[in-house]
Each structure stands twice: as C-alpha cells, then as structure tokens.
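A.B. asks: generate a structure from the sequence data that follows.
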Amino acid sequence: MSSEAVIVWGEVLWDRFPDGDQLGGAPANVAWHLGQAGGWCQLVTRVGADDDGRRAIERLGEVVDTTLVQVDDDRLTGEVLVTLEGPEPKYTLVPGRAWERIGCPPATKLALSEAGIMVYGTLAQRRPEGLLGWREAISHTEALTVCDLNLRPTDQPAQAIEEALAAASIVKVNDRELATLREWFGWVDPIAALRTTQRRLVVVTHGADGSTLHGEHGAIEVAGEPAEPGGDNVGCGDAYLAILVHGLSLGHDLARSARAASRWAAAVASVRGATPRFDDERIADLLELA
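C.D. replies: Numbering: from 1, shown residues only. Sure, this is the predicted structure:
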C-alpha cells in the first residue's frame with residue numbers, strides 16, 4: 001500500500017453558470033486540486049458516452065489519473081444549473097445521470113487495495129446502485145478513509161449518510177452541516193459524537209473565517225485567508241480538503257497542511273468556478289514550497 005496514493009470516489013458533473021460551463025462535482029473538484037498540487041490521485045466516477053463526458057475526462061486528465069472513470073452508455077453526464085446571489089452559489093441538480101450508479105469493477109478494487117487514502121462524499125450514494133458500489137469499494141480498502149459530508153439544504157437523514165460517517169477515519173464538515181447533524185441526531189456535542197474511538201480527526205470549515213481541526217491532541221484553529229474580489233465560493237471547501245489530504249499523504253504537519261489548504265481555498269474563491277488552473281509558480285507559493 002502506498003501512503004501517497006489517493007483514490008477519490010464520487011460524482012463529476014458540469015456546473016452550468018450563466019456565462020459558461022465549469023467542471024464540477026465535489027469529489028472531482030477534490031481530485032483536480034490534489035492533482036494540481038502534485039499528488040498522485042485516481043478518480044473513480046461515471047460519465048455518459050456523450051460530449052460532456054469526453055470533455056470531463058479530457059479536462060480532468062490534465063492533472064488526474066482517469067483510468068478508473070466509467071462510461072455509461074445509457075445515461076448522460078451529470079450537470080448542475082448554477083445561479084449566483086453575490087458570491088454565494090445556488091444549485092439545481094439534474095437527476096438520473098451517470099454518476100448516480102458508480103460501480104466497483106476489478107480494476108477499481110485493485111486500486112483501492114493499494115491506496116493509502118480514500119476520499120468520498122455522500123451525494124453519489126443517494127441512489128441504491130450508487131450505495132451498493134460504494135459499499136463494495138469500502139469493503140475492498142484498508143486506506144485512511146476521508147468523508148466530505150457535502151450536505152445540501154434539502155437533504156434529510158438517510159442510511160447512506162450514516163454509513164458514510166461510520167466508515168470514515170476523517171470527517172470534514174462546514175458549520176451549517178454540523179448544525180444539521182446536531183438537529184438530525186439530537187447530538188448535544190456533535191464534535192464529540194463524530195470523534196468516535198476509531199476516528200482521528202474532525203475538520204470543521206468556517207468559510208472565510210478559517211477552520212478548526214479536532215484531533216487526538218485537541219483543537220487546532222487555522223485562520224482564513226482573504227480572497228481577491230470578483231470570484232465566487234464554488235468549490236472552496238473541496239479545494240481546502242484536497243490540499244489538507246495532500247499534506248496528510250506526504251506526512252506533513254497537520255497545522256502546516258491546513259494553512260496551505262486555507263491559502264489554496266482563498267485562491268479558488270478569487271476566481272470563477274471550482275476548478276481553476278494555477279501555474280507552477282502560483283502552486284509553489286500557495287504550498288510554500290518555493
């Protein structure tokens with residue numbers, strides 16, 4: 001097993017902004033930024049046998065290993081209609097798309113058995129086929145498992161969400177999602193409830209106000225970084241998680257990794273869309289490698 005190898009599992013789709021398409025889907029965003037940062041990452045997802053699917057594979061292939069991407073002959077590639085009220089996005093997800101039935105074929109099982117980290121969300125498991133594929137994937141890996149909760153305002157308590165949390169070694173949530181979990185499960189202290197004995201870390205992001213990492217040695221507070229005006233907040237949490245995971249895969253100090261994650265998320269918030277491309281000098285600056 002390679003501690004540096006990361007498998008990201010979940011949806012890829014196109015965000016349809018009023019002024020043009022941007023590649024999206026939380027897991028695909030994580031994979032994109034991980035690959036840009038220099039991490040060795042494979043994305044397990046499913047696209048349609050259409051132009052959108054081909055475009056997605058081609059774009060992701062710039063920085064991500066796409067050999068495990070599945071192609072669905074019957075369903076189209078995912079898409080989300082996006083409107084912006086200021087910097088805040090509002091999403092309308094188009095149902096019945098390829099990403100809702102990601103499977104776990106032999107090549108994926110082999111890759112999972114060799115990976116050091118597996119990152120997944122909760123959206124791709126919302127349908128029975130997707131949940132079945134994810135369960136099979138979890139059963140074939142001994143990797144460090146990272147769950148990015150990614151709840152939508154209309155979500156309700158579901159078995160798939162409970163299973164995703166139960167299988168995770170690390171959980172990343174934002175403040176709104178943490179409040180939702182408190183309400184759903186009646187948790188007096190949701191951080192304590194999430195930090196079960198097998199779970200090393202709970203990461204809570206606070207948007208522009210930074211993040212708090214709750215681990216075995218207490219809480220680490222990480223300040224937010226200012227974003228340049230003119231961008232939006234689409235995919236900022238995904239970018240943060242990608243760089244945090246990248247640091248973990250390399251064995252970097254947790255606080256250092258989180259500070260780099262904050263810088264990278266602010267850089268994404270400074271532009272439109274979830275998957276901007278940074279040049280080598282910018283990447284080195286954000287990661288503080290120069």
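A.B. asks: can we go C-alpha only for contacts and neighbour counts from here?
C.D. replies: Will do.
A.B. asks: where does T212 land on pLDDT?
C.D. replies: T212 carries a pLDDT value of 98.
A.B. asks: same thing with S2?
C.D. replies: Note for S2: predicted pLDDT of 57.
A.B. asks: same question for A37.
C.D. replies: pLDDT recorded at A37 is 97.
A.B. asks: mind listing what it touches?
C.D. replies: 243, 246, 283, 287 (Cα atoms under 8 Å, 6 or more residues apart in numbering).
A.B. asks: P276 too?
C.D. replies: Contacts of P276 by Cα under 8 Å, 6+ apart are V268.
A.B. asks: roughly how far apart are it and Q36?
C.D. replies: Note on P276: its distance to Q36, by Cα to Cα, to the nearest Å, is 10 Å.
A.B. asks: determine which two of the contacts of A37 are furthest apart.
C.D. replies: With Cα to Cα as the measure, no two of the contacts of A37 lie farther apart than H246 and I283, at 12.9 Å.
A.B. asks: so where do the helices sit in the protein?
C.D. replies: Per DSSP state H, the chain carries helices over the ranges 26-36, 51-60, 106-114, 128-139, 159-166, 175-185, 190-194, 236-249, 254-269, 280-287.
A.B. asks: now, of those helices, which is deepest in the fold?
C.D. replies: Comparing the helices of the chain by mean neighbour count (mean count of other Cα atoms under 10 Å), helix 26-36 ranks first with a mean of 29.
A.B. asks: okay, the angle between that helix and helix 254-269?
C.D. replies: Interaxial angle of helix 26-36 relative to helix 254-269 (axes from the mean of the first three to the mean of the last three Cα atoms, to 10 degrees): 110 degrees.
A.B. asks: who touches helix 26-36?
C.D. replies: Helix 26-36 is contacted from outside by 8-12, 23, 40-43, 60, 63-64, 119-121, 150, 235, 238-239, 241-243, 245-246, 274-275, 277-278, 283, using Cα under 8 Å, 6+ apart.
A.B. asks: one more time with 7 Å
C.D. replies: Contacts of helix 26-36 with the rest of the structure, by Cα atoms under 7 Å, 6 or more residues apart in numbering, involve 8-12, 41, 43, 60, 63-64, 120-121, 235, 238-239, 241-243, 246, 274-275.
A.B. asks: so where is the stretch 51-200 of the chain shaky, pLDDT-wise?
C.D. replies: Within the stretch 51-200 of the chain, the set of residues satisfying pLDDT under 70 comprises 86-89, 197-198.
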